[in-house]
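In: Fold the stuff below for me.
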Amino acid sequence: MMFRKRSTTIDPAILKEAADWLMHLHAGSAGPAEWQAVEAWRARSPAHGLAWQRAEALLGELRHLPAGPARSALEHPSPRRRQLLRLAWIPALPAGWLAWRQVSVDGDRWQSATGEQRPLTLADGTRLLLNTATEVVVRFDAQMRLIRLLTGEILVTSAPDPQARPLIVVTVDGAARALGTRFSVRRSSGEEGSRVTVFEGAVEVEAGGRRQRVSSGERLAFGTHGPGLPEPSEDAVDGAWTQGMLIARSMRLADLLAELDRYRPGILRCDPAVAELRVSGSFPLLEPERSLDLLAASFPLRVRYRSRYWATVEAA
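Out: Numbering: from 1, shown residues only. Modelled structure (predicted):
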C-alpha cells in the first residue's frame, strides 16, 4: 500500500482569516465571546487548525509589529521571515529613529534571544551582559570604542584602554560616555527614551545638545529632548536583572507584568481590575512562568492561559 504525504498547503483565504483573528485578539479588546468564536473557527477544519498553529508559532515575533506587516508575515512566511520582519518594521518608525538607523552600523553585531542573558568580552577587555531581546553593534577604531544599542538593555564593565580611546554607548536618544565605570543602558522596544544607571564610577550623557554627568548610585533618563536630572538608584533593585531577578517594592502589578513580558514569548496581559495592586517580592526573570506561579500563590490572583503564548493575570 502506498501512502501519499499529506499536503501542508493552506488556502490563502483561511490564512487571511487567521491573520485577522490574530490582529483582533492582539489588540487586547477581545472578550469571552471573541475567544469562543476563535475556538469554533479553529475547530472548523484541519486547515483552520493548521492556520492557527502557524499564527501561534509566529506570535512571539509579531507582537511588536504593526498590524499590516504582521498580517503579511503570517500569510506569507518564508525562511527569511526574521529579516523581512525587521524590514517591514522600518516604515512605521518615527523619523528620528529611521534617520539614525540609516547611519552606518558596521561592526560586530551581537544579539540575545527573548528570555536569554548573554555575556560578552570585547577586544579591549570590556565586558558586556546583554539582557533579554537585546541587539548591539560594536565597532572599535583608532579614535573611539563605540557600542550601538539597537534595542534592549546592556550592562557595561569598562576596561582601561592603552590608547585612551573613549568608550561610548549610543542609542537613538543620545550617547553615554564611560568615565571608568560599571553601568547599564536600556532602550527597549515600545519604550520612550533611554535610561542609564551607574553602579561604579561615572558616565557623561549627551542628548538633545546638552550634557549631564551621572555618578555612582544614580540613574538618569534621556531622550531627544535632552537628559533629565539624575536621581538616586538602588543597586539591589536596579541591578537585580544582572542576577536574573526582579525585585519589586510596592510595585504596580501592571508594571511588574510588563517587565516579565520582556522575558517570555507571546503576550502577557494584566486585567485592568487588578492593575493597581501593589506587589512586593523577588521574582526570577529568566523563569517567567515560575514568577507567575509565585504571584498566583502569594496574592489573590490567577493566571488564565488562552494558549502557551497568551496569558492574562486577573483576580482569583
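In: all helices for the stretch 201-316 of the chain, in order.
Out: In the stretch 201-316 of the chain, helices defined by DSSP state H, counting those that start in this stretch lie at 235-238, 253-261, 288-298, listed in chain order.
In: got a markdown table for the ones you listed, with distance to Trp110, mean pLDDT and mean neighbour count too?
Out: Glycine gets a C-beta too; all of them are placed from N, C-alpha and C. Output for the helices of the stretch 201-316 of the chain, formatted as a markdown table (distance: least, C-beta to C-beta, whole Å; pLDDT from 0 to 100; neighbours: other C-beta atoms under 10 Å):
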| stretch | distance to Trp110 | mean pLDDT | mean neighbour count |
| --- | --- | --- | --- |
| helix 235-238 | 23 | 83 | 14 |
| helix 253-261 | 23 | 95 | 19 |
| helix 288-298 | 23 | 95 | 16 |
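In: Turn the ones you listed into CSV, including distance to Arg177.
Out: As requested, the helices of the stretch 201-316 of the chain are exported to CSV (distance: least, C-beta to C-beta, whole Å):
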stretch, distance to Arg177
helix 235-238, 20
helix 253-261, 28
helix 288-298, 34
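In: So for Arg306, which of the ones you listed sits nearest?
Out: Closest to Arg306 of those is helix 288-298 (C-beta to C-beta; 13.9 Å).
In: Output that closest one as CSV - backbone C-alpha positions only.
Out: The C-alpha atoms that make up helix 288-298 are tabulated as CSV, following Å, rounded to 0.1, in the frame of the first residue of the first chain:
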residue,chain,number,x,y,z
PRO,A,288,8.7,34.0,34.0
GLU,A,289,6.2,31.1,34.3
ARG,A,290,7.5,30.4,37.8
SER,A,291,7.2,34.1,38.6
LEU,A,292,3.6,33.9,37.5
ASP,A,293,3.0,30.9,39.7
LEU,A,294,4.6,32.9,42.7
LEU,A,295,2.2,35.8,42.0
ALA,A,296,-0.8,33.5,42.0
ALA,A,297,0.3,31.7,45.2
SER,A,298,1.1,34.9,47.1
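In: Tell me which other helices or strands that helix touches.
Out: helix 253-261, strand 278-284, strand 301-305, strand 310-315 (3 or more C-beta pairs under 8 Å, 6 or more residues apart in numbering; DSSP states H and E).
In: got the contact list for the residue nearest to Leu268 when sequence neighbours are not counted?
Out: In space, and not counting its chain neighbours, Leu268 is closest to Asp261: 4.2 Å by C-beta to C-beta, 6 or more residues apart in numbering. Under the criterion of C-beta atoms under 8 Å, 6 or more residues apart in numbering, the contact partners of Asp261 comprise 267-268, 288.
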